[in-house]
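**Q** show me how the following folds:
(3 chains)
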Amino acid sequence: MKKEIPAESTGRVLTWLQDRYDLSAIEYLIKKKEVPIHRHSLWYYFGGITLFFFIIQVFTGIMLLLYYRPTAEAAFESVQFIMTEVHFGWLIRSIHSWSANLMVAAAFIHLFSVFFMQSYRKPRELTWVTGVVLLLLSLGFGFSGYLLPWNELAFFATKVGTEIVAVVPFIGEFLLKFLRGGEDVTGATLTRFFGFHVAVLPMITTLILVFHLWAVQKQGMSVPPQFENKKTSLKSMKFFPNFLLRDVLGWIIALGVLAAVAAIFPWELGVKADPFAPAPAGIQPEWYFVFMFQTLKFIPAKVLIFDGEMLGVLGFGIIGVLLVLVPFFDKKAVLGETSKLLRAFGIIAIVYILVMSIISYAVPQTF
Amino acid sequence: MKSKKIFLINLFVLSGGWFCFLFSQSPEQADNVNSCVSCHLEMGDELAVPVTGMEQDVHDRLGLSCVSCHGGDPKAGLDGDLEAAMDPAKGYIGIPERSAIPQLCAKCHSEPNYMRQFNPRVSTDQFARYKTSVHGQRLQRGDTKVATCIDCHGVHGIRNAKDARSSVYPPNIVKTCGKCHADSEYMKDYGVATDQVELYSTSVHGKALLEKGDQGAPVCNDCHGNHGASPPGAPSVAFVCGQCHLNNSELFIKSPHKMAFDDMDLPECEACHGNHAIEHPTDEMIGAGEQSMCIDCHEDGSKGFETAVTIRREIDSLKGKIHFADSLVSVAERAGMQVSEAKFQLNDADDALIKSRTIIHSLSVDQIKESTGEGIKLTDAATKAGWEALDELQFRRKGLAISIILISILALGLYLKIKEIDKKYPFKTEGE
Amino acid sequence: MTSENNPQTISRRKVVNFILGGGLLSTVGSILIPIINFIIPPKVEEATQHSVVACKMGELQLNAGKVFRFGSKPGILVRTQADKYVAFSAICTHLDCTVQYRNDFKHIWCACHNGHFDLTGKNIAGPPPRPLESFKVDIRGEDIVVSRGV
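**A** Predicted structure coming up:
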């Protein structure tokens, strides 16, 4: 071995720690894991990239907290202040906004890749369940964060968005008031959303994320069933250092992309919200909600005796629950077989989301 | 003990007073009301209208009554003697003659000592002014179709002019005057146009009043007067408009146009802006274009024509520059740049443009150039700030380019390292 | 594993380490510079502008006024004959022209339509429908500070 001083000093610290705490479990977690190599290996990176964007969100979010003020009077002005007066404030805010969107995008890709590779099958059911919950939490982050700059677009999008929960049977009214902190979207809503965005959601997300990551590390990468059968020919690399370095390379590329979009397409501030002004034309929620909004618009007001919007909301709710439960009714996966029905559902879902989103952006909006 | 006694006396007096109040009315009220009101109400229909109308009347509230205008003796009518109540010998005049109405009202309203009791600041010159008005003069010549006091103020049910329900409350005046002046049948003998109300409603003033609810907007009487209503003579138009458009009026009066217009008997402001249908003036009204007012008198090649073209060019140039700077600054603002200074400058430049448009009335190219120059200076500063803000955006992109290069170097290094690591820890084939 | 110690490999490894180390340092630098700058408080300390220094003591004569910048909108500060400072929004309530102080009238005047406001901001003549929005004036040392009402 070549003599390397840094390595030696790291070694000394490790020995020191090892003497006091048994690190073998951690060492085992890091060293044991192998990452299989096949033509779908590329998808393994998206979980890590999602994690990277999440970390960026945490850091830039904390930084924005230094100057942001969550009141209807000062929110818009404080974001404007961040963007105009604070050094590099424009960059930090732009990165926070862009990274949020890229995180959701990466999470969606991660979800679908795991779905099609059937990685949720035994023993990774809970990894899947927590993963879906994490995606929903990210959507919650997106929804609550969108309002915080208190600009016109966000204000009305939030108004429309929260209105939808009112159609949920029995508890709709309560949910609406709970979300809005009153009958209408006001400064009270802003304070509430701020609380969700910087305290409630981060706490829950961190707990679930720790479990998710631990489970991935513990159980290693899943091999898709079609390769599992030809075990002999499948190559693999060590997670540490080979795969981790590749992961880091992915992160660096993601960082570059992020910096580029944040500076080339700076996130705009818009116009301050005026609760008494009429809703401006072209109100859109964040792009990842658009397909749901578009669906609700296509459903007729009345389906038989039921309220159309209510059916739509319930439908998405049921789909959400089914998505969480996928590992428990895909009995074929564990046998190494592919369920044609599920695969078809997955493809339909992707096509549906794409088509609805495209329609929504191509057709002028009137909410 | 003493206090108890007082209490009892008090109780007696108070309850007694209350008792009296219930069963009789105060003598003064009985004087005023009784027989006129009771009979007229009893007879109903149109004979009751004056009584019911008076409930809202300012005179009634101040303690005046039927007898104050119509005379007679309501007390005499208490026992049902109508003849005695409406006895001309007791001053009863019945329905006043139309031609006598102004004098009738003036009996009190031209009497400062009397009017002072009710309102120390009220003016008492209405009748004197009325006599000078077109209405008053025609009435004196025996034309009873013209407006008298009651045609504008109402009869039974006259309200204070400050009451929003009054027919002479400023926003209601247009309708009140229009009652006759927009009625072509009624006005046909006078040879006067009847489209004033219609034209006024389309004017900048009419729209401000009727659509935007701007009560500062002038109505009929602000230009024509009210009690002394008469069309303003041509040489006084500038003074009329100058009540609000002070600068325009002062500049016009000092300008060479004043004398020229008066000589040609052109009605000053109205010559270019019109009267009832005054629209928001546009820049097209100056210069040598199709809608220009200047070329109506100033022929091509004349000095006036040249001046018109120069003035228009000055105004257009400032306007164009402001427009450009405005959009530039807006782009920068939406991108989140700090441009409040520039916006303030543009605000001032807008003021300079308004000022320059006013100075047009002086017809002095030098004065206009001075004003537009001021505006252009402000606009240039704002434009510069706008560009600087956008340059700053560009600078950010350059900063980005550098950091992307640095990140790329790191990525390259890492890529080479991965190659190296892969050699050191080669891939395994499962089962090996 | 013999190639491990071959001089060519060693020099190659040195180059890789150099690129990697350099890239790492400069990237970390380009991340840290914005972060540190962000944390340092900016010149203007507050997000919302509630007050502004309209002028210095002695800058205004008695019976004189000055239009100053309050955010991106104009305000007007008047030093009255009685040596009192009063401040209002300089936006006329009629059609948004900027008003001015007329020392001959001893009150505020709007040139556009001959609107008059007294020194409490009240509309006293002409078309303006409402009084001017009034501001609070405080004297802090040499500065005359105008602030928006709470």
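**Q** worst-scoring helix or strand of chain C, pLDDT-wise?
**A** Here the helix or strand of chain C ranked lowest by mean pLDDT, DSSP states H and E is strand C:51-56, holding a mean of 84.
**Q** what residues are up against B:Tyr200?
**A** B:Tyr200 makes contact with B:Val174, B:Gly206, B:Cys220, B:His276, B:Ala277, according to CB atoms under 8 Å, 6 or more residues apart in numbering or on different chains. (C-beta placed from N, C-alpha, C; glycine too.)
**Q** so which helix or strand takes in it?
**A** Under the criterion of DSSP states H and E, B:Tyr200 resides in helix B:196-202.
**Q** could you do B:Ala48 as well?
**A** Here B:Ala48 is assigned to helix B:45-54, by DSSP H and E.
**Q** show me what counts as buried in the helix or strand that comes right after that helix.
**A** Counting by DSSP H and E, the next helix or strand C-terminal to helix B:45-54 is helix B:58-61. Buried residues in helix B:58-61, defined by neighbour count with 16 or more other CB atoms under 10 Å in any protein chain shown: B:Val58, B:His59, B:Asp60.
**Q** in JSON lines, list those along with distance to chain A.
**A** Output for the buried residues of helix B:58-61, formatted as JSON lines (distance: CB to the nearest CB, whole Å):
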{"residue": "B:Val58", "distance to chain A": "39"}
{"residue": "B:His59", "distance to chain A": "44"}
{"residue": "B:Asp60", "distance to chain A": "43"}
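**Q** closest to chain C out of these?
**A** B:Val58 (25.1 Å; CB to the nearest CB).
**Q** that closest one reaches B:Ala161, doesn't it?
**A** No - in this structure B:Val58 lies outside contact range of B:Ala161 using CB atoms under 8 Å: 9.5 Å.
**Q** can you name the residues that contact residue 350?
**A** Just so you know, I chose chain A. Contacts of A:Ile350 (CB under 8 Å, 6+ apart): A:Phe112.
**Q** meant chain B, my bad for not saying
**A** Neighbours of B:Asp350 in contact, by CB under 8 Å, 6+ apart: B:Ile322.
**Q** where does pLDDT dip in chain B?
**A** B:1-34, B:430-432 (pLDDT under 70).
**Q** which residues in it form strands?
**A** B:428-429 (DSSP state E).
**Q** cool, the stretch 51-200 of chain A as well?
**A** Shown for the stretch 51-200 of chain A, no strands are assigned by DSSP state E, counting those that start in this stretch.
**Q** again, but for chain C
**A** Counting by DSSP E, one finds strands in chain C at the ranges C:51-56, C:64-70, C:73-79, C:85-89, C:100-102, C:107-110, C:115-117, C:123-125, C:134-140, C:143-147.
**Q** next one: the fifth one to chain centre, how far?
**A** Meaning strand C:100-102. 24 Å (CA atoms, centre = their mean, to the nearest Å).
**Q** of the buried residues of helix B:58-61, closest to B:Gly304?
**A** Using CB to CB, B:Val58 comes nearest to B:Gly304 of the buried residues of helix B:58-61, at 54.8 Å.
**Q** contact partners for that closest one?
**A** Applying CB under 8 Å, 6+ apart, the residues near B:Val58 are B:Ile158, B:Arg159, B:Asn160, B:Asp163.
**Q** so what's it closest to, chain neighbours aside?
**A** Of all residues beyond its chain neighbours, the one nearest B:Val58 is B:Asn160 (5.1 Å), with distances taken as CB to CB, 6 or more residues apart in numbering or on different chains.
**Q** tell me the pLDDT at A:Lys2?
**A** Looking at A:Lys2, its pLDDT stands at 39.
**Q** correct me, but A:Tyr67 touches A:Thr84?
**A** No - applying CB under 8 Å as the test, A:Tyr67 and A:Thr84 come out as separate, 11.2 Å apart.
**Q** quick check: the residue of chain C found nearest chain B vs A:Gly48, distance?
**A** Using CB to the nearest CB, the single residue of chain C nearest to chain B is C:Pro127, 2.5 Å away. As defined by CB to CB, to the nearest Å, C:Pro127 lies at a distance of 68 Å from A:Gly48.
**Q** got a list of what B:Thr124 touches?
**A** Neighbouring residues of B:Thr124 by CB under 8 Å, 6+ apart: B:His109, B:Ser110, B:Glu111, B:Pro112, B:Met115.
**Q** how about a cut-off of 6 Å?
**A** B:Ser110, B:Pro112, B:Met115 (CB atoms under 6 Å, 6 or more residues apart in numbering or on different chains).
**Q** run through the chain and note the low-pLDDT ranges.
**A** As the question left the chain open, I've gone with chain A. A:1-9, A:229-233, A:364-367.
**Q** the intended chain is chain C.
**A** In chain C (pLDDT under 70), the answer is C:1-5, C:44-49, C:149-150.
**Q** around chain B, pick out the residues from chain C.
**A** Selection of chain C residues close to chain B by CB under 6 Å from any CB of the partner chain yields C:16, C:19-20, C:23-24, C:26-27, C:30, C:69, C:71-72, C:94, C:98, C:111, C:113-114, C:127, C:129.
**Q** please repeat the previous calculation with a cut-off of 8 Å.
**A** Residues of chain C lying close to chain B by CB under 8 Å from any CB of the partner chain are C:13, C:15-17, C:19-24, C:26-27, C:29-30, C:69, C:71-74, C:94, C:97-98, C:111-115, C:126-129.
**Q** of those, grab the buried ones for PyMOL.
**A** The following PyMOL line selects those of the residues of chain C next to chain B that are buried, judged by 16+ other CB under 10 Å:
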select buried, chain C and resi 16+19+20+23+24+26+27+30+69+72+73+74+94+97+98+111+112+113+114+115+126+127+128
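**Q** which parts of chain A sit against chain B?
**A** A:34, A:36-37, A:80, A:83-85, A:90-91, A:93, A:231-238, A:241-242, A:245-246, A:248-249, A:252-253, A:255-256, A:259-260, A:262-264, A:266-270.
**Q** how much space separates B:Gly77 from chain C?
**A** 50 Å (CB to the nearest CB, to the nearest Å).
**Q** how many neighbours does that residue have?
**A** B:Gly77 has 20 neighbours, counted by other CB atoms under 10 Å in any protein chain shown.
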